[in-house]
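*Asks:* Sequence and predicted model, in that order:
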Amino acid sequence: MLTIASTRPSPYTFTPATTALLVIDMQRDFLEPGGFGESLGNDVGQLRRTIAPLAALLAAARAAGLTVVHTREGHLPDLSDCPPAKLHRGAPSRRIGDPGPKGRILIRGEYGHDIIDELAPLPGEPVIDKPGKGAFHATELSDLLTERKIQSLLVTGVTTEVCVHTTVREANDRGYECLVLADCVGSYFPEFHRVGLDMIAAQGGIFGWVAESTDVLAVLP
Ligand code: C5J
């Protein structure tokens, strides 16, 4: 059992054998120009500071034998799993399913939908395709974590206040102990990122714990 003393709001204890590193939606569609994130008017450069610390954490987690799970937000080519409310929301420059420079926006199998090269999953690492913001909604994630007897989640990815937050809330309600790594999650909006992390650790850790990836690296075997 390992303990990180510097986590907010209190020390965090986890056992590597029952802990998974969850890497949420580190896709070209969110991190590179021409994808879904940019179509919504966002500066995708805001997210790129997460890549180097997350690559280091991923390497350490693999070396320590943690379960690693990647997720990708996206939809079937016929959009049958995309609710009209999501498809028609807002006034993006390109809608989900529209052609773009990296393929159809947020569509499974397209180049832009896949995970960035720097964080490519290794063969055998589960990749959960999710139609929603939360990684538990309409996916096999719950069964996968139960089969592997996972109790703790080290949560990383993008974006802090959207898919990371939704997933942490879902996981917390399912009984998982979530530690969110502040330097490995990112938002297009720095203020949302800061407040999003504060919300997780507030009220005695109402959704979980917050730390830096270096705090985890310091205790991993
Ligand atoms: C968003 C995500 N922001 N992965 N998706 O639409 O956070």
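*Replies:* Received, thanks. On a predicted model such as this, the values are computed, not experimentally measured, just so you know.
*Asks:* what residues does this protein put near the ligand?
*Replies:* Residues of the chain lying close to the ligand by C-beta under 6 Å from any ligand atom are Asp25, Phe30, Glu73, Lys133, Val158, Thr159, Val162, Cys163. Bear in mind the C-beta positions are built from the backbone N, C-alpha and C, glycine included.
*Asks:* For Glu125, see how far away the nearest residue to Thr159 once chain neighbours are set aside is.
*Replies:* Nearest in space to Thr159, with sequence neighbours left out and distances taken as C-beta to C-beta, 6 or more residues apart in numbering, is Ser187 at 4.7 Å. As for Ser187, its distance to Glu125 is 25 Å (criterion: C-beta to C-beta, to the nearest Å).
*Asks:* Confirm that Ala182 sits in a helix.
*Replies:* No. Secondary structure of Ala182 (DSSP: H, G, I helix; E, B strand; the rest coil): strand, not part of a helix.
*Asks:* so how far is stretch 17-34 off the chain centroid?
*Replies:* The chain centroid and the centroid of stretch 17-34 are separated by 5 Å under C-alpha atoms, centre = their mean, to the nearest Å.
*Asks:* I'd like to know which elements the helix ranked longest in the chain is packed against.
*Replies:* Identified as the longest helix of the chain according to DSSP state H is helix 190-205. Under the contact criterion of 3 or more C-beta pairs under 8 Å, 6 or more residues apart in numbering; DSSP states H and E, helix 190-205 touches helix 165-173, strand 177-186, strand 209-211.
*Asks:* Off-centre distance for the helix or strand following the last one?
*Replies:* Just to be clear, that refers to strand 209-211. Note on strand 209-211: by DSSP states H and E, the next helix or strand toward the C-terminus is helix 213-217. Its chain's average C-alpha position is 17 Å from that of helix 213-217, according to C-alpha atoms, centre = their mean.
*Asks:* Thank you kindly, that will do.
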